[in-house]
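Novice: The following block contains a protein sequence and its predicted model.
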Amino acid sequence: MIAPSRAAVGCRLASWIPGRLPRGCRGRLLCRALFAGLAVSPAARAQAPSARPLPTETAPAWTRGATCYELFVRSFKDSDGDGIGDLKGATSKLDHINDGNPKSTHSLGARCIWLMPVDESPSYHGYDVSDYYRVARVLGTNDDFKVFAAEAHKRGIKVLVDLVLNHSSSEHPHFLEALRDTASQYRAWYRWSATDPGRGPWGSDIWHKSPVRDEYYYGIFSSHMPDLNYETPAVLDEAKRVAEFWIDSMHVDGFRLDAVSYLVEDGMHLAHTAGTHRVLREWQAYVRGIKPDVFTVGEVTYPNDTVLTYYPDQLTSYFAFEVADSIISAVRRGSSKGMLAPVMQLQRTVPVGRWSPFVRNHDQVRTRTELGGDIAKAKIAATILLTMPGMPFVYYGEEIGMIGAKPDERLRTPMQWSAEHGDGFTTGTPWEQLQSDSLTTTVAAEERDAGSILALHRRLIHLRDRCAAISVGKVIPLETGHDAVIAYIRRTDYEAVLVIANLSDTAIAGVEVNTAESGASGSAPVFTMRPGHWKAHNLLGRENTPPMDVKYDNRVVHYAPLDTLRAKKAYVIALSGPEDWTCR
């Protein structure tokens, strides 16, 4: 991981909440007290919510076969012509994500949405929240959000919202009070020093001069993001209340948590401390007590070995950054070497559904740009992602092959709906200049093209929703004898799917696949399929595929699924025994 800085983390700004419960009976602590006829003092309100047991270590049932769509409301659809996307606009475009028809060919079929921050904020990106209980005025109102959530739920879409626990905005009322008044109760919510302790372990400024007096405050990412001090119990108590409000009052189904590895520092050890694990464990237990099927996914941008320390009883899932990097690297280089190693490590150690693969997100160069503008390579990356275990995440615009590189605003440009004024995003002037291909790379154009990357996403997302082999099946690596060819099987006991892709710029004839002699770790042999005669059906094309015969040692030997693998082309082939097709 690159040492975080304001640029490196994509303005990963923070958010926090006014130190109040919402008006009326909007907090469980307040509701209980009112029900019991008790007066609630500020001191009582600050007491920790009672601990609740963690009911299960498995992912919620609704995640099986689901795909999640990352959405930046500001850039998705503008409903009022001010050039800024809003919640009403996003609601009007929910059918693009999922129209509620499981057999639809006109929606992606994603069953989950992750909304980047929608709270009141002084910035365009929303990660520096000034009121965590209020939707940003430019995006709409709390009632608009509730309508959005209700309409999403009607279509079978779960709603996740961004939540930043590591730090607050420097404009947050608590921090401003702490700056002005050294006797404020909120002084203990932040870290202070009478002298400048110097630069942090990355060589960056992490202590920032106070604008009020001769002292310094701690902010690992920026002076605009003072870190919260979890050695003060009230901070974790408030983090619980924030989650409670969004679950109970705004009806969300879960959270994406930003930069969770930095919650609690221990001297010069800034990440992955015992204190961080303690906070996540307690917070997760509390939110699951409120909503047993809540889904929480965290950003821990480190290799798998480090991510695995956050299991089994902290967040539900974590983004698989190492898997994302391996997919991009393999497709860009045209070499399959090592691509499946991080996948196999996660499969050995984490239950299916408790890790989240992706290819790119809002902080990273978009896939097509990363791959030199090559749409064929972008299709391969999408095919690999959407045939991985776990619950994959797709960043908005990736489904049509949008381009974008740093700075961050250029990674988050308006959605390209059509070749109309403002790309069909707005009737006014877009908040950010459109991309150079915005009149040609559009949803409208790709809906008319059965071979488009949009059509591919729709096909694969719907497929994994109903195909057990892809949604919960094991990954079985295969050997091909060609570095440029990646091949693996996803299988259950009675059905399987073969994924094979030619990553090179030239066609390759006569490729045979075989069971790998050992796993990615070089350990025991990998057994593949139950013996028998497996019918084969090409799910993404019309090429004929011969049946696969598996011998009594459970191995695949010298199976040639196609005479020739076309250049920069991925294939998904359903394999079935005597039972009816389910993967089609």
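Specialist: Done, it's in.

Novice: Need the residue closest to the centroid of the protein.
Specialist: residue 393 (4.8 Å; C-alpha atoms, centre = their mean).

Novice: Excluding sequence neighbours, find me the nearest residue to that residue.
Specialist: Counting by C-beta to C-beta, 6 or more residues apart in numbering, residue 393 lies nearest to residue 358, which is 4.2 Å off, once chain neighbours are set aside. Where you see a C-beta, it was placed from the backbone N, CA and C, and this is true even at glycine.

Novice: now residue 360
Specialist: residue 367 (4.9 Å).

Novice: The one you found and residue 108: what is the separation?
Specialist: Per C-beta to C-beta, to the nearest Å, residue 367 is found 16 Å from residue 108.

Novice: pLDDT score assigned to the nearest residue to residue 468 once chain neighbours are set aside?
Specialist: Leaving out its chain neighbours, the residue that sits closest to residue 468 by C-beta to C-beta, 6+ apart is residue 492, at 5.1 Å. What the model reports as pLDDT for residue 492 is 89.

Novice: what do you get for residue 46?
Specialist: At residue 46, pLDDT is 34.

Novice: Which one's more surrounded, residue 367 and residue 108?
Specialist: Counted by other C-beta atoms under 10 Å, residue 367 and residue 108 do not tie: residue 367 has more neighbours, with 31 against 21.

Novice: so what's the more buried one up against?
Specialist: Residue 367 makes contact with 328, 359, 360, 378, 381, 382, 398, 401, according to C-beta atoms under 8 Å, 6 or more residues apart in numbering.

Novice: Go through those and say which is closest to residue 198.
Specialist: residue 360 (35.5 Å; C-beta to C-beta).

Novice: Could you verify my assumption that that closest one touches residue 325?
Specialist: No - Residue 360 is beyond contact range of residue 325, at 10.4 Å (criterion: C-beta atoms under 8 Å).

Novice: between these two, who's got more neighbours?
Specialist: Taking other C-beta under 10 Å, residue 360 and residue 325 do not tie; residue 360 has more neighbours (25 against 15).

Novice: do you know how far that one is from residue 556?
Specialist: Residue 360 is 32 Å from residue 556, by C-beta to C-beta.

Novice: Could you do residue 351 as well?
Specialist: 26 Å.

Novice: next one: residue 490
Specialist: In this view, residue 490 and residue 556 are 13 Å apart by C-beta to C-beta.

Novice: Also residue 263?
Specialist: Noted for residue 263: a distance of 46 Å to residue 556, by C-beta to C-beta.

Novice: same question, residue 103
Specialist: Between residue 103 and residue 556 the computed distance is 32 Å (C-beta to C-beta).

Novice: The two: which has the busier surroundings?
Specialist: residue 556 (25 against 7).

Novice: For the more buried one, identify the helix or strand it belongs to.
Specialist: Using DSSP states H and E, residue 556 falls within no helix or strand.

Novice: for residue 146, same thing?
Specialist: Using DSSP H and E, residue 146 sits in helix 142-154.

Novice: Mind exporting the C-alpha coordinates of the helix or strand that that helix is followed by to CSV?
Specialist: Counting by DSSP H and E, the next helix or strand C-terminal to helix 142-154 is strand 158-164. The C-alpha trace of strand 158-164 is given here as CSV (Å, rounded to 0.1, in the frame of the first residue of the first chain):
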residue,chain,number,x,y,z
LYS,A,158,-30.2,-3.8,-0.5
VAL,A,159,-28.7,-0.3,0.3
LEU,A,160,-25.3,0.2,1.9
VAL,A,161,-24.0,3.7,2.9
ASP,A,162,-20.5,4.9,3.4
LEU,A,163,-19.4,5.4,7.1
VAL,A,164,-16.1,6.8,8.2
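
Novice: so how far is strand 158-164 from its chain's centroid?
Specialist: 10 Å (C-alpha atoms, centre = their mean, to the nearest Å).

Novice: just the helices in the stretch 401-550 of the chain please.
Specialist: In the stretch 401-550 of the chain, the segments counted as helices under DSSP state H, counting those that start in this stretch are 443-447, 453-466, 468-471.

Novice: Could you list the low-pLDDT ranges of the stretch 401-550 of the chain?
Specialist: 518-527 (pLDDT under 70).

Novice: what about 80?
Specialist: Along the stretch 401-550 of the chain, segments meeting pLDDT under 80 span 494, 517-528.

Novice: Please, where are all the strands along it?
Specialist: Here the stretch 401-550 of the chain has its strands, by DSSP state E, counting those that start in this stretch, at 474-479, 485-491, 495-502, 508-509, 514-515, 532-538, 548-550.

Novice: Ok, the stretch 101-250 of the chain next?
Specialist: 112-115, 119-120, 131-135, 158-164, 192-193, 207-209, 216-218.

Novice: Could you count how many residues lie near residue 278?
Specialist: Counted with other C-beta under 10 Å, residue 278 comes out at 15.

Novice: hmm, back to that, which one of the helices of the stretch 401-550 of the chain lies nearest to residue 541?
Specialist: helix 453-466 (10.8 Å).

Novice: between that closest one and strand 495-502, how many degrees?
Specialist: Inter-element angle recorded for helix 453-466 and strand 495-502: 150 degrees (by axes from the mean of the first three to the mean of the last three C-alpha atoms, to 10 degrees).

Novice: okay, now the domains of the protein?
Specialist: 61-163+240-466, 474-576 (automatic domain parsing).

Novice: Is it possible to get a markdown table of these that adds distance to residue 184?
Specialist: Formatted as a markdown table, the domains of the chain follow (distance: least, C-beta to C-beta, whole Å):
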| stretch | distance to residue 184 |
| --- | --- |
| domain 61-163+240-466 | 18 |
| domain 474-576 | 53 |
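
Novice: Give me whichever of these is most buried.
Specialist: Highest mean neighbour count of the domains of the chain: domain 61-163+240-466, a mean of 20 (counted as mean count of other C-beta atoms under 10 Å).

Novice: now the strands of the stretch 101-250 of the chain in CSV, with mean pLDDT?
Specialist: Formatted as CSV, those follow (pLDDT from 0 to 100):
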stretch, mean pLDDT
strand 112-115, 98
strand 119-120, 90
strand 131-135, 92
strand 158-164, 96
strand 192-193, 96
strand 207-209, 95
strand 216-218, 95
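
Novice: ok so, going back, pick the one among the contacts of residue 367 closest to residue 220.
Specialist: residue 360 (24.4 Å).

Novice: What score does the closest one have for pLDDT?
Specialist: At residue 360, the pLDDT value in this model is 98.

Novice: how much space between it and residue 371?
Specialist: Taking C-beta to C-beta, one finds residue 360 at 10 Å from residue 371.
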